[in-house]
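# Here is my input; please provide its structure:
(one chain, ligands or ions: 2)
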Amino acid sequence: MSGEGRRGSGLTLGIESSCDETAAAVVGVADGGGHRVLSNVVAGQYEIHAEYAGVVPELASRAHVEAILPVVREALAGAGVGLGMIDLIAVGHRPGLIGPLLVGVTAAKALSLTLGRPLVGVDHVRAHLYSGVMGEASTENVFPALGLVVSGGHTALFVVESWSRIRRLGSTIDDAVGEAFDKAATILGLPHPGGPNLDRLASSPGANDRAHEFPVSRLSRESLDFSFSGLKTAILYAVNGVPGPRGAPALPMTEPRRADLAASFRRAAVDAIMLKLDRAAERIGLASRGLVLTGGGVTANSLLRRRLTEWGRATGRDVRLPALSLCMDNAAMIAGLGAALYAAGRTDGMDLQADPSALTDDEVGV
Ligand code: KG4
Ligand code: ZN
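Ligands and ions are numbered 1, 2, ... in the order given. Okay, here's the model as predicted:
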């Protein structure tokens, strides 16, 4: 997006509430023309959902209602700006849980209406793809790009033709990879947050990622879809023993064994992602200097970051990784993509809908 295109959208307030994180951020324009994140506030709800082993939508909605205004206030204070200085309101309005989405969308509409500032609805998955290029003065020359989103709710590959034209190449047929990391962490007895804790244990000195041969799902030779349920079952059996007459009892868990299991699990999960990414790049004929946009919580994984960087170096492809602060759900990415869409001529009215569904395979947004 050119600096000139951003005129009139100096400060954007982003709001995100699609799942169990209430987030607000203020994003401005950097001297060179890219976005500058002035504040990025995220309020999690882990304690609220912990006893249910999953996000309870009704409880999430209520927690968003309580958190949304304090979080917006904190984001404004963190950026050192008042509400009156905001030029644009961007809100994640799809996909996600309908109740939580409604809280963010309603707050954003109320702010837009009362401040007399334009409103832009942003697709959460596209915002993850945008998070790796937030700081760049221009993102017009990045297309067509290959996109990879790996998070707790999504695991998918895309062809990104522009910020509003995105075609899905494949996605998980069962669990998202972040969900698999979280389940594996629980099976290994690690505390919340599961994914980051498993990553840390897998990186501990002496952890052997070849100790266990966990399955790397390929699906068919052509498939660009992912599957992580087999891997999840494999670690469950490795820890608790294999059930049935031909099963095997559980081995005693020791700290070195736990670290080996974590490292072997992480390697298999990352191998599966890299396999499909490489396959997708070949499939779409991505140029050797072609751009690869990545995003989502699992792009914080240290092994995945290393492997993506090495793959980029080996193939000549230009892999963009989000800053660590922008991998997990956040409102800065919503504000950034919202500002980019606004600069390209997009605004939404008071009829903007919270929409739980993901864009379909070939849906073209505005
Ligand atoms: O993007 P995100 O905040 O939420 C969704 O849009 O789903 O992603 C959260 C997911 C969680 O499953 C979390 O465990 C995972 O990202 N995650 C990680 C790491 N950091 C976060 N998984 C593996 N390794 C990490 N370092
Ligand atoms: Zn997300």
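
# what packs against the helix or strand where residue 72 lies?
Using DSSP states H and E, residue 72 falls within helix 57-79. Helix 57-79 sits against strand 12-16, strand 21-29, strand 35-44, helix 46-49, helix 98-115, with contacts defined as 3 or more CB pairs under 8 Å, 6 or more residues apart in numbering; DSSP states H and E. Any C-beta I mention is one placed from the backbone N, CA and C, and that applies to glycine too.

# Flag every buried residue along the fourth one.
Right, helix 46-49. residue 49 (16 or more other CB atoms under 10 Å).

# need the contact list for the closest residue to ligand 1 within the stretch 251-366 of the chain.
Closest approach of the stretch 251-366 of the chain to ligand 1 (CB to the nearest ligand atom) occurs at residue 297, with a separation of 2.2 Å. Contacts here follow CB atoms under 8 Å, 6 or more residues apart in numbering; on that basis residue 297 touches 150, 151, 152, 178, 195, 327, 328, 329.

# Low-confidence ranges, the stretch 51-200 of the chain, go.
For the stretch 51-200 of the chain, applying pLDDT under 70 flags no range at all.

# Up against ligand 1, what does it have?
Counting by CB under 6 Å from any ligand atom, the stretch 51-200 of the chain comes close to ligand 1 at 151, 152, 153, 178, 179, 181, 182, 193, 194, 195, 196, 199.

# Which parts of the protein are strands?
12-16, 21-29, 35-44, 88-94, 119-123, 145-150, 155-162, 165-171, 291-295, 318-320 (DSSP state E).

# Quick one: check the fourth one for contact with ligand 2.
Right, strand 88-94. No. Using CB under 5 Å from the ion, strand 88-94 stays clear of ligand 2, with a minimum separation of 8.7 Å.

# ok, that strand: who's next to it in the sheet?
strand 12-16 (parallel), strand 119-123 (parallel) (DSSP bridges).

# same thing with the last one?
The partner list of strand 318-320 in its sheet, established with DSSP bridges, is strand 291-295 (parallel).

# Report the angle between the partner strand and strand 145-150.
20 degrees (axes from the mean of the first three to the mean of the last three CA atoms, to 10 degrees).

# do you know how far the residue nearest the centre of the chain is from residue 203?
The residue lying closest to the centre of the chain (CA atoms, centre = their mean) is residue 296, at 2.0 Å. Look at residue 296 and residue 203: by CB to CB, to the nearest Å, they are 20 Å apart.

# how about stretch 193-206: buried residues?
193, 194, 195, 196, 197, 198, 199, 201, 202.

# Enumerate every residue touching the fifth one.
Taking CB under 8 Å, 6+ apart as the criterion, residue 197 is in contact with 185, 190, 191.

# measure it to residue 182 for me?
10 Å.

# Then the third one?
When CB to CB is applied, the distance between residue 195 and residue 182 equals 6 Å.

# Name the residues contacting each of these two.
residue 152.

# which bits of the stretch 151-300 of the chain sit near ligand 2?
Residues of the stretch 151-300 of the chain lying near ligand 2 (CB under 5 Å from the ion): residue 151.

# Need the winner for burial among the strands paired with strand 88-94.
Among the strands paired with strand 88-94, strand 12-16 has the highest mean neighbour count (mean count of other CB atoms under 10 Å), at a mean of 31.

# Just checking it against ligand 1, any contact.
No. With CB under 6 Å from any ligand atom as the criterion, ligand 1 is not reached by strand 12-16; the gap is at least 9.6 Å.

# do stretch 352-359 as well
No. Stretch 352-359 lies out of reach of ligand 1 by CB under 6 Å from any ligand atom, never closer than 11.3 Å.

# Could the C-alpha coordinates of that stretch be exported in PDB?
This file holds the C-alpha atoms of stretch 352-359, laid out as PDB (Å, rounded to 0.1, in the frame of the first residue of the first chain):
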ATOM      1  CA  LEU A 352     -21.700  -4.500   8.900                       C
ATOM      2  CA  GLN A 353     -22.500  -8.000  10.100                       C
ATOM      3  CA  ALA A 354     -20.700 -10.200  12.600                       C
ATOM      4  CA  ASP A 355     -20.300 -13.400  10.500                       C
ATOM      5  CA  PRO A 356     -19.100 -16.700  12.100                       C
ATOM      6  CA  SER A 357     -18.300 -18.400   8.700                       C
ATOM      7  CA  ALA A 358     -14.900 -18.400   7.000                       C
ATOM      8  CA  LEU A 359     -14.700 -17.200   3.500                       C
END
